[in-house]
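Visitor: Return atomic coordinates for the entry below.
(chains A and B)
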Amino acid sequence: MGNRMHLESITKEERLERMRHSAAHIMAEAVCEIFPDARLGIGPPIDTGFYYDFELPRALTTEDLPIIEEKMRERIESNVPFEPSQIGKDEARERFHDQPYKLELIDEISDEKVGLYQQGEFVDLCQGPHVQRTGEVSDFKLMSVAGAYWRGDEHNPMLQRVYGALFDTKEELEQYLERLEEAHRRDHRRLGRELDLFSFHEEFGPGLVYWHPKGGRVRTLIEDFWRQEHLRAGYDIVYSPHIGKSTLWETSGHLDFYSENMYSPMDIDGQDYYVKPMNCPFHIQMYKNSLKSYRELPIRLAELGTVYRYERSGVLHGLLRVRGFTQDDAHIFCRPDQVKQEIERCVEFMRFFLGAFDFEQFHVYLSTRDTSGKYAGSLEDWGMATNVLRDVINEQGLPHEIDEGGAVFYGPKIDVKMVDTLGREWQCTTIQFDFNLPERFDVTYIGEDGRERRPYMVHRALLGSMERFFGVLLEHYAGAFPLWLAPVQAVVIPIADRHIDYAEKVGVELRSAGLRVEIDARGERMQAKIRDAQLQKVPYMLVVGDREAEASAAAVRLRSGEDLKARPMTEIIARMKEEGSQRV
RNA sequence: GCCAACGUAGCUCAGUGGUAGAGCAGCGGUUUCGUAAACCGCAGGUCGUGAGUUCGAAUCUCACCGUUGGCUCCA
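Guide: Alright, predicted model coming up:
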């Protein structure tokens, strides 16, 4: 195809993509040399390098990687050309007769001819493009082996995927490897332990979070902020039970379509009760508790609702994927003429929160109806809701991707995913229409004409869950929370034991100004106390010795390492109060 | 759930068939110090759990539990 275009006309990105793709082919060749019976899956470029999927007679281990790497380097060294060709599908089937996965791919190609690329003795089914010669492939590193289902479907056989990292230059590759190490340092699981924020106790239940005093303090600050802003935004804050009788979950449909995520029932007086995986059915009962007039809408019921969901053991991941979590949930019931404005308010509210926590990197997805599956509600409703969602994110200028057919069966939705240190995306915000539950629970309001109407119901979580949000936030700040969120805002450090009395006086002053303070009265040297406070990422270190006690002052050292020298206590308190009142 | 690796003291890790180790943290003592680790000592582990092989298992085998990285799924 376009593989013969002049080198100069290729952008840097295209060139890098070709190198990555070519490296995948070279890896396939190397693996085939070690395992002549290897069956090949696919081997595309990805944004940090490349991978290739294989079916092999034995499992690869990390010890195999250097051997494969060595063979790849030999091939790069030999600098043979990548030669494209086109052959008919029948001929291709003949050539790949012992490669079932390639045959499957050939069957799906609509053209009469299929593309091949050959380097040395190795031929792969491929559209290209590639670099011209193997020698053009820059330095790389094989990273890991992992299982991956053929075509991403768990009903298919699992292949072995080898991941490689590849960048333009050796320097960029090294930078990437350093970034990985940095990511490891700011991994929320590590920070959670080092900063004593939370823990897990696997022997007593995996995926269940224990929030320690300091983590609890930060969470409380986030929740207080959340409540205050929700009240201000016209939400009502509610609390619902943690369990409900099976009849509730039968009516809601959860026992039919969500049971694999629900825990086994408990027997109470001979009745089955389930721990809630969602808050919606409860909020609906609150709505339905009295007849609603069109004048009362919109009704916005918000709850920091703790839910429990069964997650398969292999997917648990620190705070980012747990089995018990607290959603910052809300259900909005509104009239048709209010839908647009309510969605606008949700999206604006979401942006307000993400802004307050200084998030700039997030990805917005609009999920539309799966045209092949079943769906609740009418096509008109789906069309209207999808348009509203699309219009709002367009009007607000939010870059987004469309996830065609990605919606759940009960309604279209907007999802916002945050990125962790390793670049993995985690869904936090979700704003979704629900055409199912209002129907099932027969949710209504009385319209102007005195007749019963069905309200629109929007389910939304802005932070997502406290656990996941906290995990992402922790990595985002690398543990160094801004002053308003810091669990300990200042540590007072007496230089010698004779300064402890004054240090406590300083502590009292700061506490009565509403600041969160600790006094480090251990029998350690000042240097050691500074180091420990620094490692705990405490924003303010207040060193007090003879001079400070004399002057009602403290020597201020900031987390940045900046030394502000001795300052009067009044000035320090004013400064900290001012800084703490600002978010971001 | 699936594939692979891993599981030794609170943490980070050494120990690959023959008497369980180090650093940090903890505790006790000495030191009272001016901006990122004072010094000395003590204590701490049925080596994830359970079977098996062996004269003998942290070490080899199997099963289970859990963690990590992926796959799939989701806040």
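
Visitor: separation between the nearest residue to residue A:35 once chain neighbours are set aside and RNA strand B?
Guide: Distance criterion C-beta to C-beta, 6 or more residues apart in numbering; nearest residue to residue A:35, sequence neighbours excluded, is residue A:56 at 5.1 Å. In short, each C-beta sits where N, CA and C put it, glycine included. Using C-beta to the nearest atom of the strand, to the nearest Å, residue A:56 is found at 10 Å from RNA strand B.

Visitor: Flag every residue of the stretch 351-500 of chain A that's near RNA strand B.
Guide: Residues of the stretch 351-500 of chain A that fall close to RNA strand B, judged by C-beta under 7 Å from any atom of the strand: A:408, A:415, A:422, A:424, A:426-430, A:461, A:464-465, A:467-468, A:495-498.

Visitor: could you redo the last one with a cut-off of 6 Å?
Guide: Contact residues (C-beta under 6 Å from any atom of the strand) of the stretch 351-500 of chain A with RNA strand B: A:422, A:424, A:427-428, A:430, A:461, A:464-465, A:467-468, A:495-498.

Visitor: Sort out which one of those lies nearest RNA strand B for me.
Guide: For those, the closest approach to RNA strand B (C-beta to the nearest atom of the strand) belongs to residue A:464, at 2.4 Å.

Visitor: what sits against the closest one?
Guide: For residue A:464, the contact set (C-beta atoms under 8 Å, 6 or more residues apart in numbering) comprises A:327, A:328, A:426, A:427, A:428, A:429, A:430.

Visitor: and residue A:165, helix, strand or coil?
Guide: strand (DSSP: H, G, I helix; E, B strand; the rest coil).

Visitor: how many neighbours does it have?
Guide: Neighbourhood size, residue A:165 [other C-beta atoms under 10 Å]: 21.

Visitor: hmm, back to that, among the contacts of residue A:464, list the two that are farthest apart in space.
Guide: A:328 and A:426 (14.8 Å; C-beta to C-beta).

Visitor: out of those two, which sits in the more crowded spot?
Guide: Taking other C-beta under 10 Å, residue A:328 and residue A:426 do not tie; residue A:328 has more neighbours (24 against 18).

Visitor: Please point out which parts of stretch A:446-458 sit buried.
Guide: Buried residues in stretch A:446-458, counted by 16 or more other C-beta atoms under 10 Å: A:453, A:454, A:455, A:456, A:457, A:458.

Visitor: And for stretch A:255-275?
Guide: Using 16+ other C-beta under 10 Å as the test for burial, stretch A:255-275 gives A:255, A:261, A:262, A:265, A:273, A:274, A:275.

Visitor: Tell me which two in those residues are the farthest apart.
Guide: A:261 and A:273 (16.6 Å).

Visitor: I'd like to check which residues are in contact with residue A:438.
Guide: By C-beta under 8 Å, 6+ apart, the residues touching residue A:438 are A:284, A:454, A:455, A:456, A:457.

Visitor: swap the cut-off to 7 Å and go again
Guide: A:454, A:455, A:457 (C-beta atoms under 7 Å, 6 or more residues apart in numbering).

Visitor: CA atoms of stretch A:450-470 as CSV?
Guide: Taking Å, rounded to 0.1, in the frame of the first residue of the first chain, the C-alpha atoms of stretch A:450-470 are listed here in CSV:
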residue,chain,number,x,y,z
GLY,A,450,-53.3,16.1,36.9
ARG,A,451,-52.2,12.9,35.2
GLU,A,452,-49.4,10.6,36.2
ARG,A,453,-46.2,11.1,34.3
ARG,A,454,-42.9,9.2,34.3
PRO,A,455,-40.0,11.4,35.4
TYR,A,456,-36.5,11.0,33.8
MET,A,457,-34.0,9.5,36.2
VAL,A,458,-30.3,10.3,36.0
HIS,A,459,-27.8,8.4,38.1
ARG,A,460,-24.5,10.2,38.8
ALA,A,461,-21.4,9.8,40.8
LEU,A,462,-18.8,12.6,40.3
LEU,A,463,-15.8,11.5,42.3
GLY,A,464,-16.9,7.9,41.6
SER,A,465,-16.1,6.3,44.9
MET,A,466,-14.2,7.7,47.8
GLU,A,467,-11.7,4.8,47.6
ARG,A,468,-10.9,5.0,43.9
PHE,A,469,-10.9,8.8,44.0
PHE,A,470,-8.6,8.9,47.0
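
Visitor: What residues of stretch A:371-379 count as buried?
Guide: Across stretch A:371-379, burial judged by 16+ other C-beta under 10 Å covers A:375, A:376, A:377.

Visitor: and which of the residues you listed is nearest RNA strand B?
Guide: Among those, and counting by C-beta to the nearest atom of the strand, the member closest to RNA strand B is residue A:375, at 14.1 Å.

Visitor: burial measure for the residue nearest to that closest one when sequence neighbours are not counted, as a count.
Guide: Computed as C-beta to C-beta, 6+ apart, the closest residue to residue A:375 that is not its neighbour in sequence is residue A:409, at 5.1 Å. By other C-beta under 10 Å, 15 other residues sit near residue A:409.

Visitor: my read: residue A:409 touches residue A:373, true?
Guide: Yes - if you go by C-beta atoms under 7 Å, residue A:409 and residue A:373 touch, sitting 6.3 Å apart.

Visitor: Quick one, which of the contacts of residue A:464 are buried?
Guide: Neighbour-count burial (16+ other C-beta under 10 Å) applied to the contacts of residue A:464 gives A:327, A:328, A:426, A:428, A:429, A:430.

Visitor: pLDDT check: weakest of these?
Guide: The lowest pLDDT within the buried ones among the contacts of residue A:464 belongs to residue A:426, with 91.

Visitor: Name the residues that touch the helix or strand that contains that residue?
Guide: Under the criterion of DSSP states H and E, residue A:426 resides in strand A:425-434. Identification of contacts with strand A:425-434 by C-beta under 7 Å, 6+ apart yields A:320, A:343, A:346, A:350, A:363, A:385, A:410-420, A:456-464, A:468-469, A:472.

Visitor: Give the buried subset of the residues you listed as a PyMOL selection command.
Guide: Selection of buried members from these for PyMOL, criterion 16+ other C-beta under 10 Å:
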select buried, chain A and resi 320+343+346+350+385+410+411+412+413+414+415+416+417+418+419+420+456+457+458+459+460+461+462+463+464+468+469+472
